[in-house]
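[1] What follows is a protein structure lacking sequence information:
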């Protein structure tokens with residue numbers, strides 16, 4: 001289905017039932033279907049809401065700048081439109097930074113935050129050469145495949161998932177791709193992240209080459225002191241696709257641990 005909010009229509013997958021909704025935000029290059037292996041591995045008892053951020057998947061792809069704040073407002077609009085009374089935000093990579101910004105506003109109903117290989121709240125300093133290389137990463141099928149092997153995964157994905165990653169990466173709009181490089185990675189949201197007042201779980205792949213465990217220890221954990229870091233052995237950056245069972249188990253345990261406090 002599509003939900004109109006903040007001037008755009010966003011594609012949303014809404015499935016399952018339960019007292020707590022889990023809202024999933026994808027990485028730079030992904031879509032809502034990035035989360036399907038994780039959702040399929042989750043036990044019953046939760047509602048799962050996965051959305052395509054603006055510029056990606058089946059959501060609107062407007063021209064012009066796509067600021068991090070726009071993405072956070074879009075997610076808040078989906079939460080309001082669906083009337084979610086209790087929910088956990090789960091954000092992967094770029095989606096993790098969006099989730100931190102939204103959670104820093106202490107929205108009503110938010111009871112937990114799970115960050116999967118997240119972009120830290122502090123600005124990422126990229127050289128012009130690095131930024132140029134990232135702009136070329138999703139140019140065509142061959143560059144996506146090369147990026148997948150060289151940077152995103154620690155071991156090959158099954159063929160269907162590999163094809164999915166390539167398709168999703170190429171479907172992203174140029175405006176959305178450039179916005180993350182020009183504004184998103186540079187955005188300093190540390191003040192918002194320090195305002196987060198719910199429990200926080202951080203998952204990191206042992207061999208992540210994009211946001212490695214050491215970077216999260218240096219640039220995220222000091223900003224969000226209540227965050228608990230959990231390392232997923234043998235995996236890279238695309239944890240929802242490389243280790244869906246491990247991610248699902250960690251999220252399920254985290255959500256269940258919130259219930260007594262709620």
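    Cool, the structure landed. Predicted, not measured: the structure shown is a model, and the values here were computed from it.
[2] Show me what stretch 125-144 is in contact with.
    Contacts to stretch 125-144, defined as C-beta atoms under 8 Å, 6 or more residues apart in numbering, come from residues 29, 147, 151, 165-166, 169-170, 172, 177-178, 181, 185. C-betas here are computed from N, CA, C, even on glycine.
[3] ok, now stretch 240-250?
    Stretch 240-250 is touched from outside by 34-35, 37-42, 92, 114, 116, 153-155, 157, 161, 165, 201, 203, 205, 230, 232, 235-236, 239, with contacts defined as C-beta under 8 Å, 6+ apart.
[4] Among those residues, the buried ones, what's the PyMOL command?
    Burial among the contacts of stretch 240-250 is assessed by 16 or more other C-beta atoms under 10 Å; the matching PyMOL selection reads:
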select buried, resi 34+35+37+38+39+41+42+92+114+116+153+154+157+161+165+201+203+205+232+235+236+239
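[5] just the strands in the stretch 151-262 of the chain please.
    When secondary structure is read from DSSP state E, counting those that start in this stretch, the stretch 151-262 of the chain shows strands at 200-205, 227-232.
[6] Please read the previous query as pertaining to the stretch 1-150 of the chain.
    2-5, 8-15, 21-25, 47-51, 87-92, 110-116.
[7] looking at those strands, which is closest to residue 214?
    Closest to residue 214 of the strands of the stretch 1-150 of the chain is strand 110-116 (C-beta to C-beta; 15.8 Å).
[8] As a check, name the ranges of all helices in the stretch 151-262 of the chain.
    For the stretch 151-262 of the chain, applying DSSP state H, counting those that start in this stretch gives helices covering 159-171, 174-179, 190-194, 213-219, 239-242, 244-258.
[9] any chance of the strands of the stretch 1-150 of the chain in CSV, plus distance to residue 196?
    Shown next, in CSV, are the strands of the stretch 1-150 of the chain (distance: least, C-beta to C-beta, whole Å):
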stretch, distance to residue 196
strand 2-5, 23
strand 8-15, 23
strand 21-25, 15
strand 47-51, 20
strand 87-92, 10
strand 110-116, 6
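[10] Format the ones you listed as a markdown table; extra columns: mean pLDDT and distance to residue 250.
    Shown next, in a markdown table, are those (pLDDT from 0 to 100; distance: least, C-beta to C-beta, whole Å):
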| stretch | mean pLDDT | distance to residue 250 |
| --- | --- | --- |
| strand 2-5 | 96 | 28 |
| strand 8-15 | 97 | 20 |
| strand 21-25 | 98 | 12 |
| strand 47-51 | 97 | 15 |
| strand 87-92 | 98 | 10 |
| strand 110-116 | 98 | 8 |
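[11] how close does the nearest residue to residue 10 once chain neighbours are set aside sit to residue 148?
    Excluding its sequence neighbours, the residue lying closest to residue 10 (C-beta to C-beta, 6 or more residues apart in numbering) is residue 59, at 4.5 Å. Applying C-beta to C-beta, to the nearest Å, the value for residue 59 to residue 148 is 22 Å.
[12] same check, this time on residue 254
    For residue 254 relative to residue 148 (C-beta to C-beta), the value is 28 Å.
[13] Ok, residue 167 next?
    12 Å.
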